[in-house]
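A.B. asks: Fold the stuff below for me.
(chains A and B)
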Amino acid sequence: MGNLLSADLARLWRCKAFWLCCLFFAVLSSGTLWNAYWVGSQTIAANASLETYIFPFAFLIGLAAAVVCTLFLGSEHAVGFRNKCCVGHSRAAVYGSDLATCSIAALLLCAAAVLPGGILGPILLGEGFDAMAVVMIAGICLLSVAYAAVFTALAMLVSSQAAAPVIALLLSLLLLAGGYAGVQRLAEPPTVPNPAAAPPTVEGVEPDRNDTVPERIPTPNYLPEGPARSTVQFLTDFLPGGQSYQYGAVSTGTASVHLPQKMASCAAVFALSTAAGLLLFRRKDLK
Amino acid sequence: MALWFACGATALYEVYQILSSLPRGGDGWSISYSLDGHFFQFTGMVSLASALACAFFIGPEYGDGAMRNKLLTGNSRWSVYLTNLVLCAAASLIVCLSGILPGLLLGLPLLGSFAMGLSRAALLILGICAMGIAYTAIFTLTSMLLPNRAVSLTAALLLALASLTVASFLSSKLAALPFEDTGTSVLMNGELVEMPLRPNPDYLPDGPVRTLFTFLNDFLPGGQAGQYITGKAEHPLRLIAMDGAVVGAATAAGLALFQRRDIQ
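C.D. replies: Next up, the predicted model:
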């Protein structure tokens, strides 16, 4: 498997899609920090922590993993897999080597986004990553490896070079949309101001209490404590899309909640997708 | 098959938007609903669906050798390019129709007619079709110049997503108000005192930057999509003219580059 891995890493080194994604993340992080430096104290966000500027790349890590994994592995379906099996490598070794390469690619994408923050943050904003931010970065790295496992399985099983990127991109968008919906649903307050109620009063003046219209009404989409809320909370923390949204919107404060569970979920997603992918790849007809 | 998948997805999305907009009973405080705010939601799908249709239609022409064979049999490069452009534009119009027809068939009986008036609604629908053709011109350019089917498809989809993201950024910048809050009055020592308004740092004052952002929001198909979705397309005729410019520019660039392309 060592030979396979070194050959795959050499191919990754020449993969244009991978380097374009790395460049995009590096430019995104650097550009955000430079913009924050030039805007300076004029914005409310001037007092925001460094991770507020860097972590939004987590929204896109799923998309980037989808693009890199499917384009990198798509060309292997023509002759690559068959030749590797013909020369004596087992299917498990071929799968493991490609999975390891895609996981390394995902980690390097994270590094391309985080390193500018670690280098430019102290220089431009006068602060670096604190301990909690470092732990969350580890969580994002695990998340990216989980994404890599899912899209590796997809790319290894879908022979069509055109269909695999489409399915992967749509899947990553679907996961992100589901995560957004879950976070929004959990953030709904129990009640909202009644639009039909009396207008706001002036501070210090007693309001007229003769009307009977309630000031607040129940929020239709509010999830009270119970099985439904627990299920939505579990899915939002378990699925990669929900974690992407929570890390990306780090200023909302949900990213640092349930961190051990999130990391365990990433490990579970990695294990499940690898097991399913390996099982199906062993039975796949390699033409 | 990709075209039918794109049409089906657009139709389903439009049906979902119409059905989810119906008033829920029971709370007693429901507001009035109209077709205006929900009919044009399918516009967001047009870019993605057009990207899929273009890349899946043109991509196999390279892989199967059809492109090379057409040139070998005497067809000029510009006729091959324009034929593909026209066919992809037709596919884009079919995708638009797959959003318009379910929206009208379901929306008119359930939510009533357009509050903006039928003539304005028709003009906006025409504008969305023109926007779809502008997107098609851009995706035809990328698909004709990138022979690798997977790469051209990925590039088209990412371009569609990026255009919607940029449009969202532009519209949020243009919609920022000058001040962060509305005026508040506080009773101090028996007198009503107005508190000073806090300026919004995200507000773009009148000037070159705002002019540029407004132009880009009108020129880029993604910006137009954002305006149609939110119902803030105040000058649809101007947007249609911009689409004409995008089609012209993208086609001219595509023809010039395709003339020099080595078709293997």
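A.B. asks: lowest-confidence helix or strand of chain B?
C.D. replies: Lowest on mean pLDDT, DSSP states H and E among the helices and strands of chain B sits strand B:185-188, with a mean of 64.
A.B. asks: List the contacts of the spatially most central residue of chain B.
C.D. replies: Closest residue to the average C-alpha location of chain B: B:Ala225 at 3.1 Å, with C-alpha atoms, centre = their mean. Contacts here follow C-beta atoms under 8 Å, 6 or more residues apart in numbering or on different chains; on that basis B:Ala225 touches B:Thr43, B:Gly44, B:Val46, B:Ser47, B:Met131, B:Ser163, B:Leu164, B:Ala167. Glycine gets a C-beta too; all of them are placed from N, C-alpha and C.
A.B. asks: host element of the last one?
C.D. replies: Counting by DSSP states H and E, the element that carries B:Ala167 is helix B:149-175.
A.B. asks: Same check on the second one?
C.D. replies: Assigned by DSSP H and E, B:Gly44 belongs to helix B:43-63.
A.B. asks: separation between B:Thr73 and chain A?
C.D. replies: Distance of B:Thr73 to chain A, computed by C-beta to the nearest C-beta, to the nearest Å: 26 Å.
A.B. asks: who's in contact with that residue?
C.D. replies: Going by C-beta under 8 Å, 6+ apart, B:Thr73 touches no other residue.
A.B. asks: Repeat that for A:Phe59.
C.D. replies: Neighbour list for A:Phe59: A:Leu176, A:Ser244, A:Tyr245, A:Gly248 [criterion: C-beta under 8 Å, 6+ apart].
A.B. asks: Now list the buried members of the contacts of B:Ala225.
C.D. replies: B:Thr43, B:Gly44, B:Val46, B:Ser47, B:Met131, B:Ser163, B:Leu164, B:Ala167 (16 or more other C-beta atoms under 10 Å in any protein chain shown).
A.B. asks: and whatever helix or strand A:Ile140 lives in, which residues are buried?
C.D. replies: Using DSSP H and E, A:Ile140 maps to helix A:131-157. For helix A:131-157, burial by neighbour count (16+ other C-beta under 10 Å) applies to A:133, A:136-137, A:139-156.
A.B. asks: Name the next helix or strand downstream of it, please.
C.D. replies: Toward the C-terminus, helix A:131-157 is succeeded by helix A:163-186 as the next helix or strand (DSSP H and E).
A.B. asks: does any part of that next one sit near chain B?
C.D. replies: Yes. Remark: helix A:163-186 sits within contact range of chain B at A:Ala164, A:Pro165, A:Val166, A:Leu169, A:Leu173, by C-beta under 8 Å from any C-beta of the partner chain.
A.B. asks: can you put those residues in a markdown table and add neighbour count?
C.D. replies: Formatted as a markdown table, the residues of helix A:163-186 next to chain B follow (neighbours: other C-beta atoms under 10 Å in any protein chain shown):
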| residue | neighbour count |
| --- | --- |
| A:Ala164 | 26 |
| A:Pro165 | 30 |
| A:Val166 | 25 |
| A:Leu169 | 22 |
| A:Leu173 | 17 |
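A.B. asks: Pick the one among these closest to B:Thr142.
C.D. replies: Checking the residues of helix A:163-186 next to chain B against B:Thr142 by C-beta to C-beta gives A:Pro165 as the nearest, at 13.8 Å.
A.B. asks: my guess is the closest one contacts B:Ala150, does it?
C.D. replies: Yes. A:Pro165 is within contact range of B:Ala150, at 5.4 Å (criterion: C-beta atoms under 8 Å).
A.B. asks: Are there residues contacting both of those two? Which ones?
C.D. replies: Residues touching both A:Pro165 and B:Ala150 (C-beta under 8 Å, 6+ apart): A:Thr70, A:Leu71, A:Gly74.
A.B. asks: OK, contacts around the residue most central in space within chain A?
C.D. replies: Residue closest to the average C-alpha location in chain A (C-alpha atoms, centre = their mean): A:Ser244, at 3.1 Å. Neighbouring residues of A:Ser244 by C-beta under 8 Å, 6+ apart: A:Ala58, A:Phe59, A:Ile61, A:Gly62, A:Leu143, A:Leu175, A:Leu176, A:Gly179.
A.B. asks: got a pLDDT number for it?
C.D. replies: We have a pLDDT of 93 for A:Ser244.
A.B. asks: State the phi and psi torsions of it.
C.D. replies: A:Ser244 adopts backbone torsions of phi -60, psi -50, taken as degrees, to the nearest 10.
A.B. asks: How about it: what's its closest non-neighbour residue?
C.D. replies: Distance criterion C-beta to C-beta, 6 or more residues apart in numbering or on different chains; nearest residue to A:Ser244, sequence neighbours excluded, is A:Ala58 at 5.1 Å.
A.B. asks: what's the helix or strand harbouring A:Gly117 packed up against?
C.D. replies: Assigned by DSSP H and E, A:Gly117 falls within helix A:91-120. Using 3 or more C-beta pairs under 8 Å, 6 or more residues apart in numbering or on different chains; DSSP states H and E, the elements in contact with helix A:91-120 are helix A:2-13, helix A:16-39, helix A:50-54, helix A:58-74, helix A:80-86, helix A:131-157, helix A:259-283.
A.B. asks: got the contact list for the first one?
C.D. replies: Meaning helix A:2-13. The contact list for helix A:2-13 (C-beta under 8 Å, 6+ apart) reads A:Phe18, A:Phe72, A:Lys84, A:His89, A:Ala93, A:Val94, A:Ser97, A:Asp98, A:Ala100, A:Thr101, A:Ile104, A:Ala105.
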